[in-house]
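K.L.:
Got a predicted structure here, sequence first:
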Amino acid sequence: MKVGVPREVVSGERRVALVPDGVAKLVDRGLEVVVEAGAGVAAGFADAAYQHAGARVADAAAAWGADVVLKVAPPGLGTDGLPDEAGRLREGAALIGFLLPLTSPQLVRRLAERKATSFSMELVPRITVAQRMDA
C-alpha cells in the first residue's frame, strides 16, 4: 500500500500531515511512503529527512496518486485561487485529514464523485480511550 503526503497549499499553513518519524514507522510496517518535494519544509523537515526515514520524495502527482493520502487542510476545489486538489485524488483512494465535512458540502460531493473513502480528523471522538488518536 502506498501512502502519499502532498504539500499544503493554503497560505500560512506550516504543518505537514506526516513527519519523518511517522514515515519510518509506516515503512517498518511495509508501507511505501511518497512525500511531495518540499512538503515538510515549512514545518522544519527537509526532503532529505524524509528520504532518510525511507520515503520517496516525488512530485505532487505521485503523492496524490497514492492509495491513502494524508493532508492537514481540506483539499482545495479549484476555487479561491487554490488548485483542484480533490480532483487529483486517485479514484477509490482514501483521504485522511481535517476535512470540515459539515460545512463543506462541495468537498463531500467531490470526494463522493472520486469514490474516495475519507476520514475527517476533527470528527474523531475526544474521549479518554481515543486520546491516542487525538488530532
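P.N.:
Sure, I can see it.

K.L.:
hang on, isn't residue 83 packed against residue 9?
P.N.:
Yes - between residue 83 and residue 9 there is a contact under Cβ atoms under 8 Å: 6.2 Å. C-betas here are computed from N, CA, C, even on glycine.

K.L.:
any shared contact partners between the two?
P.N.:
Listed as contacting both residue 83 and residue 9 by Cβ atoms under 8 Å, 6 or more residues apart in numbering are residue 76.

K.L.:
which intervals of this protein have sub-threshold pLDDT?
P.N.:
Within the chain, the set of residues satisfying pLDDT under 70 comprises 125-126, 128-135.

K.L.:
Do you have the strands of it handy? List them.
P.N.:
Remark: strands assigned in the chain by DSSP state E are 2-5, 32-36, 56-58, 68-70, 94-97, 117-120.

K.L.:
Now distance to residue 25 and mean neighbour count too, for those, in a markdown table please.
P.N.:
A markdown table is the format used below for the strands of the chain (distance: least, Cβ to Cβ, whole Å; neighbours: other Cβ atoms under 10 Å):
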| stretch | distance to residue 25 | mean neighbour count |
| --- | --- | --- |
| strand 2-5 | 11 | 25 |
| strand 32-36 | 10 | 23 |
| strand 56-58 | 16 | 16 |
| strand 68-70 | 13 | 23 |
| strand 94-97 | 15 | 20 |
| strand 117-120 | 18 | 16 |
